[in-house]
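S.K.: Next come a sequence and a model predicted from it.
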Amino acid sequence: MKTSVWLGMVTLVGLCSLAPADDWTRFRGPDASGVSSDTGTPVRWSQTERLVWKSRLPGAGASSPIIWKDKIFLTAYSGYGLDVADPGNPDDLRLHMVCVNRTTGQTVWSAEVEPRLPEQRYDAGFIRLHGYASNTPTTDGERVYAFFGRSGVVAFSMDGQVMWKSFVGDGTHNWGSGTSPILFEDLVIVNASVESGSIVALDKRTGREVWRTHGIRRSWSTPLVVKLASGPELVVSLHGKILGLDPRSGQQLWECDGIPDYVCPAVIAHEGVVFITGGRSPLTIAVRAGGRGDVTATHMLWRLRKTPKVATPLYYEGLLYWIDQRGVATCADAQTGKLVYAERLSLQGRGDKVYASLVYADGKLYGVSRQDGAIVMALGPQFKVLARNHLGDPSVFNATPAVCDGRLFVRSDRYLYCIGR
């Protein structure tokens, strides 16, 4: 197939799969692509320009905001682990689910979740870089589902009542927990690699465990259900492997060699091709889904010695984009795996520069650095920074933005910001 035809088909499928602009229902949006059909999103903003509102949060967190109609949902933590020099008493840790009005920024409700102690100590590892509320919730418009690591999966009604709570494992890690729940048919599916070395599927109405697949090692990656002509497949990235599972039963369908290290970026896919990345040894892999057995020799399409390490790449019109933990903006050809560009952004701040993933809206790429503001980049094979924007907030920005109605919703450890017209 000629490249121009292939790109045209990919673009059409991408546009047709988008949900309504008002619903950003999970990590990286309605179809987990990070792509919005909204127009009119801003290029430049500051604490005095294009800032519609900012809402004080009850605590810190790295989870991204999600949106259903006029409600924004996100998680936070408080009471412990807010200051490396003085983390406080671990028994004082509290977890929160927060609902904010999308128009006004006012808090609609805030529900407190009792943590399951003891948690991983804040001063004992890299958990201090993102804390205890890093798993982005998801919603189907009937309930909001949040994953709090060893404290469990919690389903809330849209008005903040706890509908059920289900534990998926007792484990902790000095890097913390970070995978986001996803929905498939009547299931809530969670990568509980840290908590129990497994993928767990729960009945979304009751929280009852439906199936569990073991052997999920060193994975902080959110899985993805890939829709194929042969049926849906749940693709999971873990240390050394990529797995294709039946999302209804958890039965393994295929496996492929994966990243030979821990993995953080979420699984992404387009037109049946899955893109996997992560680890400390730079590597990104493209694999065609739909095989059976070991498909390493038959379905792996290419390998590129580059990785964002933590952030999830964004696919758009045949190109993959990301900003890595060093602050290097990278673009690769999704069909061939060839590097298009890699340009350093000279971001300020100690340690890793970027954890948030890129989002796309209105012909622009939006990225958020941990300590040096947001970056707006041009789409396409030519690297170009359109703007660098700061909000005057000295706290850390780890969360991926949400897009709705021509506005960006950006979260820090202190505030939720609405930016736009």
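M.R.: Received the coordinates, thanks.
S.K.: Got the confidence number for Ala85?
M.R.: pLDDT recorded at Ala85 is 89.
S.K.: so what's it up against?
M.R.: Shown in contact with Ala85 (CB atoms under 8 Å, 6 or more residues apart in numbering): no residues. Bear in mind the C-beta positions are built from the backbone N, C-alpha and C, glycine included.
S.K.: can you check Val368 too?
M.R.: Applying CB under 8 Å, 6+ apart, the residues near Val368 are 354, 356, 374-375, 397, 399-401, 410.
S.K.: show me what contacts the spatially closest residue to it that is not a sequence neighbour?
M.R.: Computed as CB to CB, 6 or more residues apart in numbering, the closest residue to Val368 that is not its neighbour in sequence is Ala356, at 4.2 Å. By CB under 8 Å, 6+ apart, Ala356 lies in contact with 64, 311, 367-370, 397-401.
S.K.: tell me the secondary structure for Ala356?
M.R.: coil (DSSP: H, G, I helix; E, B strand; the rest coil).
S.K.: about what we covered before: just put the contacts of Ala356 in TSV and tack on pLDDT.
M.R.: Output for the contacts of Ala356, formatted as TSV (pLDDT from 0 to 100):
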residue	pLDDT
Ser64	98
Ala311	98
Gly367	98
Val368	98
Ser369	98
Arg370	98
Phe397	98
Asn398	98
Ala399	98
Thr400	98
Pro401	98
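S.K.: Would you check which pair of those residues lies furthest apart?
M.R.: Using CB to CB, the contacts of Ala356 span at most 15.1 Å, a distance reached by Ser64 and Ser369.
S.K.: Can you say which of the contacts of Val368 are buried?
M.R.: Listed as buried from the contacts of Val368 are 354, 356, 374-375, 397, 399-401, 410; burial here means 16 or more other CB atoms under 10 Å.
S.K.: Just the residues you listed: which are in strands?
M.R.: In strands, judged by DSSP state E, the following of the buried ones among the contacts of Val368 are found: 374-375, 410.
S.K.: circling back: between Ser64 and Ser369, which one's more packed in?
M.R.: Ser64 (28 against 24; other CB atoms under 10 Å).
S.K.: and Val108, how far is that from Asp70?
M.R.: 9 Å (CB to CB, to the nearest Å).
S.K.: tell me which of the contacts of Val368 is nearest to Gln120?
M.R.: Ala399 (20.1 Å).
S.K.: The contacts of Val368: which two are farthest apart?
M.R.: Most distant of these, by CB to CB, are Ile375 and Ala399, 14.9 Å apart.
S.K.: Bridged to Trp24, which residues?
M.R.: With DSSP bridges applied, Trp24 shows beta-bridge pairing to Ile67.
S.K.: In contact with it: list those residues for me.
M.R.: 30, 36, 65-67, 402-404, 409.
S.K.: and if we set it to 7 Å?
M.R.: 30, 66-67, 402-404 (CB atoms under 7 Å, 6 or more residues apart in numbering).
S.K.: show me what contacts Arg56?
M.R.: Neighbours of Arg56 in contact, by CB under 7 Å, 6+ apart: 414-415.
S.K.: From Tyr355, how far out is it?
M.R.: 22 Å.
S.K.: remind me which residues of this structure are low pLDDT?
M.R.: Along the chain, segments meeting pLDDT under 70 span 1-22.
S.K.: mind running it again at 50?
M.R.: By pLDDT under 50, the low-scoring segments of the chain are 1-20.
S.K.: Now stretch 175-193: buried residues?
M.R.: 175-184, 187-193.
S.K.: sorry, back to before: gap between the residue nearest to Val368 and Gly215?
M.R.: From Ala356 to Gly215 the distance is 30 Å (CB to CB).
S.K.: What of Gly105?
M.R.: Counting by CB to CB, the gap between Gly105 and Gly215 amounts to 44 Å.
S.K.: Give me the more crowded residue out of these two.
M.R.: Taking neighbours as other CB under 10 Å, Gly105 and Gly215 compare with Gly105 leading, 18 against 12.
S.K.: now the buried ones among the contacts of Val368 in TSV, with distance to Ser221?
M.R.: Listed next are the buried ones among the contacts of Val368 as TSV, based on distance: CB to CB, whole Å:
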residue	distance to Ser221
Val354	17
Ala356	16
Ala374	24
Ile375	24
Phe397	21
Ala399	17
Thr400	14
Pro401	20
Val410	23
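S.K.: Arg218: neighbouring residues, count only.
M.R.: Neighbours of Arg218 (other CB under 10 Å): 20.
S.K.: Then Arg44?
M.R.: By other CB under 10 Å, neighbour count at Arg44 equals 12.
S.K.: now do Asp261
M.R.: Asp261, neighbours per other CB under 10 Å, totals 16.
S.K.: show me what contacts it?
M.R.: So Asp261 contacts 239, 278-281 (CB under 7 Å, 6+ apart).
S.K.: how about stretch 276-285: buried residues?
M.R.: 276-279, 282-285.
S.K.: Same question for stretch 382-390.
M.R.: Those would be 386, 389, for stretch 382-390 by 16+ other CB under 10 Å.
S.K.: And the contacts of that stretch?
M.R.: With CB under 7 Å, 6+ apart as the test, stretch 382-390 has contacts from 43-46, 329, 341, 343, 364, 373-378.
S.K.: Put the buried members of the residues you listed into a ChimeraX selection.
M.R.: Those of these that count as buried under 16+ other CB under 10 Å are selected in ChimeraX with:
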select :45,329,364,373,374,375,376,377
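S.K.: from the contacts of stretch 382-390, which two are the most distant?
M.R.: Among the contacts of stretch 382-390, Ser46 and Tyr341 lie farthest apart (CB to CB), at 27.8 Å.
S.K.: Kindly format the C-alpha coordinates of stretch 45-53 as PDB.
M.R.: C-alpha atoms of stretch 45-53 as PDB (Å, rounded to 0.1, in the frame of the first residue of the first chain):
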ATOM      1  CA  TRP A  45      -1.300  32.000  28.100                       C
ATOM      2  CA  SER A  46      -0.100  33.100  31.600                       C
ATOM      3  CA  GLN A  47      -1.400  33.800  35.100                       C
ATOM      4  CA  THR A  48      -3.000  37.000  33.700                       C
ATOM      5  CA  GLU A  49      -3.800  36.000  30.100                       C
ATOM      6  CA  ARG A  50      -6.300  33.400  28.900                       C
ATOM      7  CA  LEU A  51      -6.700  32.000  32.400                       C
ATOM      8  CA  VAL A  52     -10.400  31.400  32.800                       C
ATOM      9  CA  TRP A  53     -10.200  30.100  36.300                       C
END
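S.K.: which residues touch it?
M.R.: With CB under 7 Å, 6+ apart, stretch 45-53 has contacts from 42, 44, 104-105, 389-392, 407, 417-420.
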